[in-house]
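Asker: curious how this folds, go ahead:
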Amino acid sequence: MAQPPILSWEGLGLQQGGRWLFGAPETGGLDLHIAPRDRLALIGRNGAGKTTLFRLIDNRIEADRGLRKVKPGTRIVVLEQDPDLSGFDTLMNWALAGEHAPEQHAVEAIAGQLGIDMSRGVEGASGGERRRAAIARAMAQEPDLLLMDEPTNHLDLAAIEWLEGWLERYKGAFIVISHDRTFLKRLTRATLWLDRGALRRKEVGFGGYEAWEEQVYAEEARAAEKLDAKLKIEAHWLERGVTARRKRNQGRLEKLWQMRAQRASMIAGAGTAKLKLATEEDFKSKSVIVAENVTKAYGDRTIIKPFSLRIQRGDRIGIVGANGAGKTTLLKMLTGELAPDSGTVEIAKTLTGVMIDQQRRLMAPDKTVRQVLAEGGDWIDVRGVRKHVQGYLKEFLFDPGFVDTKVGILSGGEKSRLLLAREFAKASNLLVLDEPTNDLDLETLDLLQEVIADYEGTVLIVSHDRDFLDRTVTLTLGLDGSGRVDVVAGGYEDWVAKRRAPVERKQRSEKAAAPAPTPPPSAPKATKLSFRDQRDYDLLPSRIEELDAAIARGEQMLSDPELFTRDPQKFTNLTKGLVNARAEKDAAEERWLELAEMVEG
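Answerer: Residues are numbered from 1 along each chain as shown. Predicted coordinates:
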């Protein structure tokens, strides 16, 4: 039986700038119902109103119409994208301020797990430290409903994985806005889609969102056939645009897998795969950066142990690792900005680079888009090809009418797209991107992947976005903090698999060699369970594992963009199956926790 919502909005409508942002009266307004254990992804283009909807849920702004209901005692906490820390001297003082301030020991406990010193001054705190402090503050408040706006921004891989683990154990409800596809796929069980002023809900996690999106646009296109020509053209554009993007993505991924396979043969160990002499000479002639036995240390700490690599023209190199592992140091050595302590780095004289870093310099707000791109003119040189500035804007998802818009009124995502458009226009054969996915929406991420795939030069990417790396790079340089650099053909998941393999082999070997264990004496239980309770206590963990595996399989199948078109009945059955599996898993977890508390007294 479904539980009553802890929060709901009925007939919600909000005007912004003289127009209805969403929930116009003729639509009847938005309806939103949040259950106690909901795990919701909130999806929508930049400017659709996602962050504004969070403010309405949290009652920080008033709606123009609609009724908001909240279950008494419900604590709503917002993890903001850019929290205001002004007026506080330390991170801890900021964390303990406010109406529902958490206890200091609770903040310290979570901060310790995240590796953040809350006594650090606000002024000197980095983006990553501020983000960790905000997470510690939010979690320590023990919310019933957690609203997260880009929670993985500025976090390294270890912190992201910790956050995922915490949210998997979290007993409340959450809604998350994020560009991190891996994060969304692992944690969400239903999707809210804010699109053109309407809010849709589907009981499927983000893994099935893209197929659902394509299904909706296809249905709209069929319905538009009965409407006037303008609506028909618009719906056709939506359907073809989404479908074409899916097909381009599939084509790029197939090409990427071929490039990875080719690159894997080039970095295979001696005696494993030897290249023919002609191929080897060709390989060397195409090399643009050659690092031979480079090392780097700061004081007594070795950052980079002896490391060698040949980077070819056209390579897409991803650099991953925890904060402080040496990613930026390695990047600077490969680009010649920093000299190694020993070894050599040779860079082709013809190499000219463009750097897009995570500290994106703010473009003058009083300048127009035309001035930023074309110095006020109508034409722009895009890597040697002359293009009309309005046509070029289309390539970066802008309406051509934006050409005379002031930069200051653009959204954060629009500013990011404008910066990318400006930088990608420059003639270069080396592109360096430092955390390029921060603050980008999913559409802009797709665009960035497309532009990188079409870029004819070499690309170096430092990123914590696992899905982005898996879709983009041919080689991954993985730093584990010990100074060793793993060179792996493939993306983030390929690096993880390489690190996991020796551990799994060792475990299998130890298991095979170990004698059969003696069963331990049964420990006395604080509460004697009934036969039925004991059976559930013993069997539920394996059932939960089975359900986890079934959910993962279902989400994987739903991620196929062609599934609905090919077999709509299977799509429907899978969607219903996922809803049932998640409901059963929630009930099983609740039941097992109750029994565990009885056992532990």
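Asker: who does the helix or strand containing Leu42 pair up with?
Answerer: Per DSSP states H and E: Leu42 is located in strand 39-43. Neighbouring strands of strand 39-43 in its sheet, by DSSP bridges, are strand 173-177 (parallel), strand 190-195 (parallel).
Asker: mind listing what's buried in that strand?
Answerer: By neighbour count on 16 or more other Cβ atoms under 10 Å, the buried set for strand 39-43 is 39-43. All C-beta spots, glycine's among them, are computed from the backbone N, C-alpha and C.
Asker: and the next element down the chain from that strand?
Answerer: Counting by DSSP H and E, the element that comes right after strand 39-43 along the chain is helix 50-57.
Asker: hmm, who's touching that next one?
Answerer: 7, 9, 12, 14, 16, 21-22, 32, 34, 42-44, 61, 63, 68, 76, 78, 81, 145, 147, 149, 175, 177, 194, 199 (Cβ atoms under 8 Å, 6 or more residues apart in numbering).
Asker: and Thr191, how many neighbours?
Answerer: Other residues within reach of Thr191, judged by other Cβ atoms under 10 Å, total 22.
Asker: er, Pro568 I mean
Answerer: Other residues within reach of Pro568, judged by other Cβ under 10 Å, total 11.
Asker: quick check: angle from the strand holding Leu42 to helix 50-57?
Answerer: Here the directions of strand 39-43 and helix 50-57 differ by 130 degrees (axes from the mean of the first three to the mean of the last three Cα atoms, to 10 degrees).
Asker: which residues touch strand 39-43?
Answerer: 34, 50, 53-54, 167, 173-178, 184, 187-194, 205-206, 209, 442.
Asker: again, only using 6 Å
Answerer: 50, 175-177, 184, 187-193, 206 (Cβ atoms under 6 Å, 6 or more residues apart in numbering).
Asker: and the residue positioned nearest the centre of the chain, how close does it get to Leu187?
Answerer: Among the residues of the chain, the one closest to the centroid is Asp180, at 0.9 Å (Cα atoms, centre = their mean). According to Cβ to Cβ, to the nearest Å, Asp180 and Leu187 sit 10 Å apart.
Asker: one more: Tyr209?
Answerer: Tyr209 is 13 Å from Leu187, where distance means Cβ to Cβ.
Asker: a helix runs through Ile135, doesn't it?
Answerer: Yes - counting by DSSP: H, G, I helix; E, B strand; the rest coil, Ile135 falls inside a helix.
Asker: and Leu529, which of the strands paired with strand 39-43 is closest to it?
Answerer: strand 173-177 (30.2 Å; Cβ to Cβ).
Asker: show the subsequent helix or strand relative to the closest one.
Answerer: helix 181-187.
Asker: all strands of the stretch 451-600 of the chain, in order?
Answerer: Secondary structure of the stretch 451-600 of the chain, counting by DSSP state E, counting those that start in this stretch: strands at 458-462, 475-479, 485-489.
Asker: dump these into a markdown table; add mean pLDDT as well.
Answerer: Output for those, formatted as a markdown table (pLDDT from 0 to 100):
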| stretch | mean pLDDT |
| --- | --- |
| strand 458-462 | 94 |
| strand 475-479 | 94 |
| strand 485-489 | 92 |
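Asker: so what's the nearest residue to Met139 once chain neighbours are set aside up against?
Answerer: The shortest distance from Met139 to any non-neighbouring residue, by Cβ to Cβ, 6 or more residues apart in numbering, is to Ile110 (5.0 Å). Applying Cβ under 6 Å, 6+ apart, we find Ile110 in contact with 136, 139-140.
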